[in-house]
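Trainee: Can you look at this prediction? I've put the sequence above it.
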Amino acid sequence: MPLTATPITPRFGAEISGIDVSKPISDADFAQIKDAMNQWGVCVIRGTGFDNMSHVTFSRHFGHLETAPAVKNRPRRHPDTPEIFDASNLTPAGEILVDENMVLHKKGDRLWHTDSSFMDMRSAYSLLLAYEVPKEGGLTYFADMRSAYEDLPDDVRQKIATLKADHSLWYSRLLAGFPITEEEIDGRPKARQPMIMPQEATGRTAIYIGSHAMDVADMPRDQGRALIKYLIEFATQPQYTFGVSYQPGDLVIWDNLTTMHRGGDFDIFNERRDMRRTTVREGDAPEHADDPFTAYFSASSPAN
Ligand SMILES: [Fe+2]
């Protein structure tokens, strides 16, 4: 079946149709989806009919799936599919979450970020599937880091070409109001990432930054933070961004290495929002049991 891509903005984001993902897909069909991802950075597939298992099966076409971190004293909502990250506002029993610290922790997701940039082993793709959506709000917003890079002033492009930034999950939580100090964050694991991402498949380059980025390596803290702030603000101007609203069954796939995203507000204490995500690791690493996520979180989380 030929894939049809309907652009969401002229350069970035598309709704794709024409391939029935509720059935096993051929390599040729998947190649069309991968091509669409390379071109558009974010693809929306409406009405997939997926459940946890078919979500995982489809996601495996993209590569190694990360195992969601186990959280101490909190059973998984989806124990049969540990590849499913629970991105809902619900407890394991399915009730609306009221734990203040967990709510503040999740608030960090409202800031522009790219998934798992705080890990040395980066995430390539995220596949977010809607199960229950609020009556209002709860969109996901995306930013086109390739077009933003291409539009940057020449001197900024040259400046960031060789720079790296230190990313910490806890820095974005601090920015969102989570009770943690900079000194505590400095004592926890960080990942040092290049500030640009050349994309082999297209020959384009993206800015690789986000709210987990705490400092620029070998640069005074205030200068580094000013540069990070400038890049995030530049890349999130209206011409580089759009929002996706969901109905149950809709799937959004984004390329973490060439985009940023953030969750939109909704009435978190009164409305249920059940979203589930699989995440594909960068590169060709085989799946393995010693996924570093759980170690990362248990080494560094007061909330766990
Ligand atoms: Fe995210």
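Mentor: Yep, that arrived.
Trainee: So M275: helix, strand or coil?
Mentor: The three-state label given to M275 by DSSP: H, G, I helix; E, B strand; the rest coil is strand.
Trainee: does A148 really touch I232, like I thought?
Mentor: No. Judged on CB atoms under 8 Å, A148 makes no contact with I232 at a distance of 9.7 Å. C-beta coordinates here come from the backbone N, C-alpha and C atoms, glycine included.
Trainee: Who has more neighbours out of those two?
Mentor: The neighbour comparison of A148 against I232 (other CB atoms under 10 Å) goes to A148, with 24 against 20.
Trainee: right, and F142 touches V44 too?
Mentor: No. With contact defined as CB under 8 Å, F142 and V44 do not form a contacting pair (10.1 Å).
Trainee: what residues are shared contacts of those two?
Mentor: Each of G13, V244 lies in contact with both F142 and V44 under the rule CB atoms under 8 Å, 6 or more residues apart in numbering.
Trainee: ok, the two, which is more surrounded?
Mentor: F142 (26 against 21).
Trainee: so L163 touches R192, yeah?
Mentor: No. Applying CB under 8 Å as the test, L163 and R192 come out as separate, 10.5 Å apart.
Trainee: what is in contact with these two at once?
Mentor: A217.
Trainee: Which of the two has more residues huddled nearby?
Mentor: In this view L163 and R192 are compared by other CB under 10 Å, and L163 has more residues nearby, 15 against 11.
Trainee: Dihedrals phi and psi, that one?
Mentor: Backbone torsions of L163, given as degrees, to the nearest 10, read phi -90, psi 160.
Trainee: swap in G63?
Mentor: The phi/psi pair for G63 (degrees, to the nearest 10) reads phi 140, psi -160.
Trainee: M37 too?
Mentor: The phi/psi pair for M37 (degrees, to the nearest 10) is phi -60, psi -40.
Trainee: you'd agree I232 is in a helix?
Mentor: Yes. Assigned with three-state DSSP, I232 falls within a helix.
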